[in-house]
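Colleague: Sequence plus the predicted model coming up.
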Amino acid sequence: MKKNKIIVWGVLLIFFAAASGAVGAEVPKPSGQAPPPVSALVAPAGSPAPDSSYSYNPLGKPDPFKPFMDVEVKAVKKEKQTKAESIFPLQRAEVESFRLVGIIGDDVRRIAVVEDSAKRFYPLFVGTRIGLRNGKVTDILADRLTVDEEDGKKTKRIILKLRKNI
């Protein structure tokens, strides 16, 4: 600890000595030549003033404000108004296209596992949205899954049964 204090004090002493030496140093003046008089810097009244304004010539230079890529915006008329595709994979296909492959849990909380056509598996809980028509999982029993889809005023109930492999 004492060694660190000595090092810190030594570095500070060197720093302050260098700083004080720089303050007291004089700036050498050029010898032999005196600065030109102010009258020599100002042009005489009869002569034309030198052109000190800047002029930009854009000839042969790219326009800095023009976009790099030309993009044409075309108004596309849609023949058929199609519904935007969902970002959720469970809502990109019909409920009937999913296959119920398993149900786990007890009477209090169950989880169903479904498989899509691309052989991907998804867990389903009560309340999960599935299908193109925004169906909702309403019940998970030991051997089946119930999905309710609302179509206007009617509710369509879809049941996916667990198939046992023999």
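Modeller: Alright, I've got the coordinates. Residues are numbered from 1 along each chain as shown.
Colleague: Please count neighbours and contacts with C-alpha atoms only from this point.
Modeller: OK.
Colleague: dump the residue contacts of I158.
Modeller: V95, E96, T146, V147, D148, E149 (CA atoms under 8 Å, 6 or more residues apart in numbering).
Colleague: Let's have those residues in a markdown table, adding neighbour count and secondary structure.
Modeller: A markdown table is the format used below for the contacts of I158 (neighbours: other CA atoms under 10 Å; DSSP: H, G, I helix; E, B strand; the rest coil):
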| residue | neighbour count | secondary structure |
| --- | --- | --- |
| V95 | 22 | helix |
| E96 | 12 | helix |
| T146 | 17 | strand |
| V147 | 24 | strand |
| D148 | 20 | strand |
| E149 | 21 | strand |
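Colleague: Closest one of those to G131?
Modeller: Comparing those against G131 with CA to CA places V95 closest, at 4.7 Å.
Colleague: Hmm, N134 and that closest one touching each other?
Modeller: No. Using CA atoms under 8 Å, V95 is not in contact with N134, being 9.6 Å away.
Colleague: Surely R129 touches T138?
Modeller: No. Look at R129 against T138 with CA under 8 Å: they stay out of range, at 9.7 Å.
Colleague: Same drill for those two, tell me which one is more crowded.
Modeller: The neighbour count for R129 versus T138, taken as other CA atoms under 10 Å, is higher for R129 (20 against 16).
Colleague: Tell me which residues touch that one, please.
Modeller: Counting by CA under 8 Å, 6+ apart, R129 touches L90, Q91, G135, K136, V137.
Colleague: Most neighbours among these, which one?
Modeller: Result: G135 is most packed of these (other CA under 10 Å), 24 neighbours.
Colleague: Give me the phi and psi for that residue.
Modeller: Taking degrees, to the nearest 10, you get phi -70, psi 160 for the backbone angles of G135.
Colleague: Next one: it from I111, what distance?
Modeller: G135 sits at a distance of 17 Å from I111 (criterion: CA to CA, to the nearest Å).
Colleague: Likewise for F68?
Modeller: Distance, F68 to I111, using CA to CA: 53 Å.
Colleague: And those two? Which one has more around it.
Modeller: Higher neighbour count among F68 and I111: I111, with 18 against 8, using other CA under 10 Å.
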